[in-house]
Structure formats: structure tokens, C-alpha cells
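# Output the structure for:
(chains A, B, C and D)
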Number of protein chains: 2
Amino acid sequence: MDDVAERAGVSRSLVSLVFRNADNVSEHRRRAVLEAAEELGYRTNRLARNLAQGRSMTIGVVIDDLQNPFFSRILDGIEHCLAPSGYQVLLANGARSSERSQTAITTLAELQVDGLILVGTRGDEAALLSHARSRPTVLIARQTDSDLLDSVRVDELLGSRLAVEHLSSLGHCEIVHIDGGGGASAEERRNGYRAAMAEAGLQGHTEVLRGEFTHEAGSKAAVALAARQQMPSAVFAGNDLIAAGLWVQLERSGVSIPNDLSLVGFDDSSFPGFGETGLTTIRQPAHRIGDRAGELLLERLDGSRSESCHEAIPPTIVERSSTQRLDLGAQA
Amino acid sequence: MDDVAERAGVSRSLVSLVFRNADNVSEHRRRAVLEAAEELGYRTNRLARNLAQGRSMTIGVVIDDLQNPFFSRILDGIEHCLAPSGYQVLLANGARSSERSQTAITTLAELQVDGLILVGTRGDEAALLSHARSRPTVLIARQTDSDLLDSVRVDELLGSRLAVEHLSSLGHCEIVHIDGGGGASAEERRNGYRAAMAEAGLQGHTEVLRGEFTHEAGSKAAVALAARQQMPSAVFAGNDLIAAGLWVQLERSGVSIPNDLSLVGFDDSSFPGFGETGLTTIRQPAHRIGDRAGELLLERLDGSRSESCHEAIPPTIVERSSTQRLDLGAQA
DNA sequence: ACTCCGGATTGGAGCGCTCCAATCCAGTAG
DNA sequence: CTACTGGATTGGAGCGCTCCAATCCGGAGT
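Numbering: from 1, shown residues only, chains lettered A, B, ... in the order given. Below you'll find the model as predicted:
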């Protein structure tokens, strides 16, 4: 920077002003500085700037699993909201690992991001809170009632209820749930499933298969189910990845969906290119969730709000062709 | 930091040593420092550290489209490779926009990342090169022969050859290629197809239908094919989108796949098996690509290589149910 | 008792930038 | 001609850390 200043025949301060786009810099000086910078291949060092300014104009986003299309649509919403604000979004992948997520958060925090959005992040709540103390933080798809941070999530219980009600209204009783294990909202979906089963008078048929929010977990579950002499008539999968894995694997075993088994997913993940999958599922308004999280963060950043805010966005059920009346299946 | 030092009754330097996990610090001092830090809620400021050290132990990755599952599988490979190396991966989304990608790269560069991996990034090559000059850079899924950076991509020619060989080994001769027009790797795939046809002694049957890497282009091609009195027995589509469009449209015209026509796609871009397309296709080893890119970057970072390196990773063919022996189709 | 040694510890000079108070310099009014 | 004004420009003190040369210190060697 000093080199640029010298070459342009001005002070370092003036160079700084030029690169910050300050408006009270005379045109010929500005030109001289830019020219000198060009010749010297000078690039501003944002590290130093951030250090000096004490802020980075950067938002850190930690995503539990970038491969999960639901999360990436949330991200889309976040970026859509944040793009015009002047903040740059920096991402880190939690890779479905609690430790990886922790170090990702720590890295971003140490990098002095101005705000943090955690998408489906797992791990110790206390750890999250300690970061929230020093900068605005929004949690997505994770339950919390801390007043140190904001959160946006889907009403998971309602989602599970919608799924179960849909299946039971089609005459299904043996509705097995394949859960997301320790994943983000697995527990709530599981609880919602249990509650809804009870409400529908099906508590006797309640059965949860331990899984994980992945395609593979779906395949595994399919293998387990196919091995039984008596298959359930319906499955409520913890998310669409599980449903997808399950579907493919079941078809391989000669089980036809929806004839032999009705299947409901969760998330309404869309998989580009192949149009509608035909999976009946619970749609999470992913884009809206991300967008809202961005808004909440901005409100904190510009100081227009200081009380914490926890939002639950209601999901909807999308009925496609993976579910069908029980008796229809029986006839076939 | 000074506060911590004072509270622990040591110098700032010693505090620094403790937080860098230096090994020649006496145990009781270390304990004292950590304790003081804990009480004061001290967190190391990585910005300042990076500035002072002149390196950040951070790799920047810019992804053209995080929603694209192919790219996120690449990312998975990158992180898999980089995780044990001590480097933290920082992501930015190009959002399928040339400008967004540019600012993302610039932000990362200004943040002084130690290395850069650009996945499918669009935009001016000159701009990319200017960043590559100041730090190791690896390009993924983008052609270049600059010796300022490394690149990893799929061996498109081989992919085409695999497709053609597979079809011809099933007895097919009339293999039409629907290409990707001016799309990214369309030309190479086309050339690969021509070469492979010649090798298989089928140069007389070589036929390329002009297309585009979209679903619609596939539909159009289907209409064109169905209008002929003599359909080819096999089609090699430029990518899976084309194949999908073709498939749907052909089925509508009463052409059954694979009975009446065998179909091979390219990319294996669908989310693994979702909706069970059963499409035989050329799989791009996304994970391997990311992994290799990480390796190349590490080689540059530890200085073990200084000449540029451009790699082509061999794809594999995934045989599903959209292809079948010619004579089987004839019998049906 | 004296020197020497090597590991533990420290002070101070940066890293590249911003911020602020101070200064410069027309141009204008008196 | 002088005082005053306000925008353009500047020097220097940080931001929070690391690095290096210098210092400290307790024990070993003579």
C-alpha cells in the first residue's frame, strides 16, 4: 500500500480512501492511485481491513450437509436475502459431523464474521450459545428457546401429523417411521409421528426404525423391511433422501410403490433434471426459511431488534403418486 | 490478550505460545493462561493471527452451483482430502452467475486463503489467472491449459467411448448421438463419439443430432426421431437431461425403452437412483475429482510440485435398464 | 565459586490496513 | 490584505496477533 502511495505521489491514507470508495477524493488523485495500484498489481488485504475496522461485512453460514438439497435451497434463500445487503456469505460444511460442525463454527467465528447462521447444525447447545454471545446468530432447523439467538424452523410436529393423517385417511394402519437418528430435527419428527399415531388411534402400530438422513439409510431400511415375512402397508420416511433410498431398494426387491406399499417423505427435496419424482412428501418452504433467517439476522445487525425471535413455519403436504388407498393396493 | 497475560501473570508472548500449542511452555504457566482466558472469555482472533503469520491455513472453494448434486459430490471429495491436512475449507457460492462467482473469488482471495479451488466456475479466464498468480489454484470441470494453475476434469473422450462400446457390444450399429451444442464439454463428447464409432467400425452409421444440454432438447430430438420411418436402435445422449427428455417423449410416442431403443446418458447427474430412471449412463467420478483436486493443491502448498498439472479422470459406465441386446428387442 | 548451557520467557517491532485529529489549500467574504 | 471556510490530504496511533532476538534462570561441569 505504501508502494502504491509512493508511486502515485500521495499518502497511504489517500490510497486507503480510494479503495474504500470514499467520495471526497479528487478525480485526478483517484485515477493516479488506481493506475499505480494496477501497475503494481496491488490487491487490498481484507484481513488487515477487517482487523482495523473491527468488522468484516461477512456472514458465516454453517450447513450441516451440503449434499442435502433441502439445505441448499435454504442457502439459496439466505443468499437471496443477504446479497443486496452488502454482506458476503461465507460457507462451511458441517459434513453431518458434530465435530466438523464445531470447528467450522469456530473458524468462522475466529474469522470475525459479523453474523452466523447455523443450518441444521448438530452438537452441544452450550457451544453454540457461547458463540452467539459475541455476535448475532440465527439457528435454522434446530429447536431452541434461548433468548441469546433467533431461530427459524419448520413446524416438524405438524409435518409429521400431516404425513400420518394422510396415510391413515387412506386406510393405512401399519405405518412404520424410519427416522433420522441424531440428525437435526429427527427427534421432533419422531415425536410428531408418535403423537399423530396416538391421535389416530394407531399407537399399537407405532414402530420406528433407526436411520439417518441419507440415501444409504433408506436402502438399508428397505433391506430390513423386505426381509420380513409381513411388510407394513405404509412407511413415513424421516426425509426424502431416506425415501429415495428406500424406494429404489424396495423396487429392486420387487415391492411396488404405491401398490404394495405407500410411502411418504419429508422435505420435498427436488432433484433437478428429472422433474417430479412422484413422491408424496411434506413440503418445507425451504427458500422462505432461509430468506426469513437472513431477515432476522439483518434486523440484529442494523440494531432494529434486540429481543430474540423464534419462528415456526408451517409445512404442507404434497400428494403425489407414492401413496394410495390401502384397499386399492390389496385388490391389485 | 494483554488482559489474559496480566491476569495470568505472564507476558503476551507467552499467551500467544499457549494458544499456538507451542511445546516448550511449562505446565503450570499453560494452565494459568488457559484459566485466565476462560475467566475472561477470551477467544483467539484468527484475523490478527493470519495477518501476522501471513498465512491462513484456509482453502477457499468457489462452487458454481451448490444446488447441483454433481458439484456437491465434488465438494465432498475436496473436503475428504483436505480435512486431515489441517486446512480449513471455506466455501462461497457462485450461484450460477458470473459476477457472483467473481466477487466470491475476490472475497476469498482478499481474505488471504492459502489456496483456491474453483468448481465449474464461469467467467473470464484472465480474471481467474490474475488470482492464480498469487496463490495455488485448481480448476475443476473447466478446460484450461494455463501453466499458472492446475486442473482436474473428466476424460470426456473416454466417456463417449465407453457409451459407444457398450452399445455396440450389445449388437447395436445405428447409434445416434444427440449432442450438447455449444455447451461446456459438448465438443469433446461429440468427438469421442465419432472416434469410438470409427474404432468400432461403425463410421458409416455415425450421426449427430444437434442439441443442447437440456431436457427440452431431448424432447425435440425424440420428436424428430419418432417422425422417421426407420428409428435407430440406440441413442447416446450428450447428458442425462437430454436422455431424460428423450425418454419421456419417446415413451409418449409409444416407443418403449429398452425394447425398441437402447439409451445411454452422460453424467449420472440424477440424485442416485431417485425416481428410478434406470438410465444407463456414464458416471463422472465426482468424489474422485474433488479428492484429486485437493491433492494437487496440497502438493503445491507443501512445495512438492511446481510445474502445472492438468488431469483427466476416467469416468465409468453404469449399466442400468435403459439398454439391452439388440436381438432381445427384435424378439419382443 | 564461576562459567556454560539450553529451555522458558519476554519486549518490541512488525503484519496491512483504518481512523482521527491535524494540516493544507484554494476560494470567498469582509 | 486578512480572516474564514470547507473539502482534500496527511501523519501517526492503533487493531490483535506473531516473530525474533534478547534475557532469565536453574542445574551441570570444572
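# Tell me the buried residues in the helix or strand harbouring A:Arg73?
Following DSSP states H and E, one finds A:Arg73 within helix A:69-82. Buried residues in helix A:69-82, counted by 16 or more other C-beta atoms under 10 Å in any protein chain shown: A:69-79, A:81-82. For the C-beta atoms, the positions are set from N, CA and C on the backbone; glycine is no exception.
# Dead centre of chain A: give me the residue that sits there.
The residue lying closest to the centre of chain A (C-alpha atoms, centre = their mean) is A:Phe71, at 3.2 Å.
# Please name the residues that touch it.
Neighbouring residues of A:Phe71 by C-beta atoms under 8 Å, 6 or more residues apart in numbering or on different chains: A:63-65, A:119-120, A:286.
# quick one: it from B:Gly294, how far?
Plainly put, A:Phe71 is 22 Å away from B:Gly294 if you go by C-beta to C-beta, to the nearest Å.
# next one: A:Arg292
Remark: distance between A:Arg292 and B:Gly294 (C-beta to C-beta) = 35 Å.
# who has more neighbours, those two?
Counted by other C-beta atoms under 10 Å in any protein chain shown, A:Arg292 and B:Gly294 do not tie: B:Gly294 has more neighbours, with 26 against 22.
# Tell me the first helix or strand C-terminal of whichever strand or helix holds that one.
B:Gly294 is part of helix B:286-301 when elements are defined by DSSP H and E. Remark: after helix B:286-301, the chain's next helix or strand is strand B:310-313, criterion DSSP H and E.
# From the contact counts, what lies against that next one?
Counting by 3 or more C-beta pairs under 8 Å, 6 or more residues apart in numbering or on different chains; DSSP states H and E, the packing neighbours recorded for strand B:310-313 are strand B:150-154, helix B:286-301.
# which parts of chain A sit against DNA strand C?
Applying C-beta under 7 Å from any atom of the strand, we find that chain A lies next to DNA strand C at A:1, A:12-13, A:16, A:19-20, A:42-45, A:48-49, A:51-53.
# Isn't A:Gly11 up against A:Asp2?
I think there's a mix-up here, since residue A:11 is Ser and not Gly. No: taking contacts as C-beta atoms under 8 Å, A:Ser11 lies outside contact range of A:Asp2: 9.4 Å.
# Just want to know which of these two has more residues nearby.
When neighbours are counted by other C-beta under 10 Å, A:Ser11 comes out ahead of the other of A:Ser11 and A:Asp2, with 12 against 9.
# give me every residue that touches A:Ser85.
Contacts of A:Ser85 by C-beta under 8 Å, 6+ apart are A:294, A:298.
# Return the distance of it relative to B:Asp65.
According to C-beta to C-beta, A:Ser85 stands 22 Å off from B:Asp65.
# my guess is A:Ser233 contacts A:Glu174, does it?
Yes: with contact defined as C-beta under 8 Å, A:Ser233 reaches A:Glu174; the gap is 5.1 Å.
# Just want to know which of those two has more residues nearby.
Using other C-beta under 10 Å, the more surrounded residue of A:Ser233 and A:Glu174 is A:Ser233, with 21 against 18.
# Now the terminal residues of stretch A:171-187, how far apart.
This stretch, stretch A:171-187, spans 26 Å end to end (C-alpha to C-alpha, to the nearest Å).
# quick one: the strands in the stretch 151-300 of chain A?
A:175-178, A:207-209, A:234-237, A:262-267, A:280-283 (DSSP state E, counting those that start in this stretch).
# closest one to B:Leu128 among the ones you listed?
The closest of the strands of the stretch 151-300 of chain A to B:Leu128 is strand A:262-267. By C-beta to C-beta, the value is 35.4 Å.
# just the CA coordinates of the closest one, formatted as PDB?
The C-alpha trace of strand A:262-267 is given here as PDB (Å, rounded to 0.1, in the frame of the first residue of the first chain):
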ATOM      1  CA  SER A 262     -47.400 -46.400   0.400                       C
ATOM      2  CA  LEU A 263     -44.500 -44.000   1.000                       C
ATOM      3  CA  VAL A 264     -44.400 -40.500   2.400                       C
ATOM      4  CA  GLY A 265     -41.200 -38.500   2.600                       C
ATOM      5  CA  PHE A 266     -40.300 -35.200   4.300                       C
ATOM      6  CA  ASP A 267     -38.700 -32.000   2.900                       C
END
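# quick check, that strand touching chain B?
No: counting by C-beta under 8 Å from any C-beta of the partner chain, chain B has no neighbours in strand A:262-267; the shortest distance is 10.5 Å.
# Would you mind getting the angle between that strand and strand A:150-154?
160 degrees (axes from the mean of the first three to the mean of the last three C-alpha atoms, to 10 degrees).
# Just list what strand A:262-267 packs against, helices and strands only.
For strand A:262-267, the packing partners by 3+ C-beta pairs under 8 Å, 6+ apart come out as helix A:156-169, strand A:234-237, helix A:240-252, strand A:280-283.
# For that strand, give me every contacting residue.
Contacts for strand A:262-267 (C-beta under 8 Å, 6+ apart): A:69-70, A:159-160, A:163, A:166-167, A:170, A:172, A:189, A:233-240, A:242-244, A:246-247, A:257, A:279-284, A:286, A:322-324, A:326, A:329.
# circling back: restrict the residues of chain A next to DNA strand C to those that also contact DNA strand D, please.
Within these, those near DNA strand D by C-beta under 7 Å from any atom of the strand are A:12-13, A:48, A:51-52.
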